[in-house]
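In: Model the structure of this input:
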Amino acid sequence: MKKMIGYLLILVVVVAIAGYYYVFIYAKNHHRDVQSEAAITIQADSLSAAFGADEKTANAKFLNKAVEVTGTVLSVDKNQAGQTMIMLGNATAFSNVSVTMATGEIIDTKKIGTNITIKGICTGALSDVVITEGRLLH
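Out: Residues are numbered from 1 along each chain as shown. The predicted structure is shown next:
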C-alpha cells in the first residue's frame, strides 16, 4: 500500500511539473508569428461579402490564414481583456470586419474615418468577420 501511495505521489508531481511547463513556459514562448507569413490581401468589404455569400467557401479560403485587410476605420474600442478592437468596413453594411489587435498594438481614435491596412489571422465569421493578432502596417 505504501508503494502505491509513493507511485501515486510521484505521478502527481510529474503531472504538476508538466502542466506548469506547458502553461507558463511552452505556451508563452511558442506563438505564431503572423508578420513573417505571406498574407492574402483583400479589402474589408470584399472579405465580409465573401463570408456573406458563401461561408463554407470563405472558410476554406481564409480561415486560420494570415490576411492583410484594408478598410475604413469605423470604430476603435477596448475589449474586456483591455485589447484594442477596430471595426473596418462600411457604416451602412450589414457585416464588417472586427479586428482584435495584438498585445501592445494601440490605434488612436483619430484614425476613425481613415483607410488603414492591418495584418492578422482570420478566425471566421460571427455577425462580423473576425481577425485576431492584428498589427497595423505602415
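In: what packs against the top helix by length along the chain?
Out: What stands out as the longest helix in the chain, according to DSSP state H, is helix 2-20. Counting contacts by 3 or more CB pairs under 8 Å, 6 or more residues apart in numbering; DSSP states H and E, helix 2-20 is packed against no other helix or strand. C-betas here are computed from N, CA, C, even on glycine.
In: per-domain residue ranges of this protein.
Out: Residue ranges for the domains of the chain, per automatic domain parsing: 1-30, 34-137.
In: which of the residues in the helix or strand residue 59 falls within are buried?
Out: When secondary structure is defined using DSSP states H and E, the element that contains residue 59 is helix 55-62. Under the neighbour-count criterion of 16 or more other CB atoms under 10 Å, helix 55-62 has 58, 61-62 buried.
In: what's downstream of the helix or strand bottoming out on mean pLDDT in the chain, the next helix or strand?
Out: With mean pLDDT, DSSP states H and E as the measure, the helix or strand of the chain carrying the lowest mean pLDDT is helix 27-29 (a mean of 67). In the C-terminal direction, the helix or strand that comes right after helix 27-29 (DSSP H and E) is strand 40-43.
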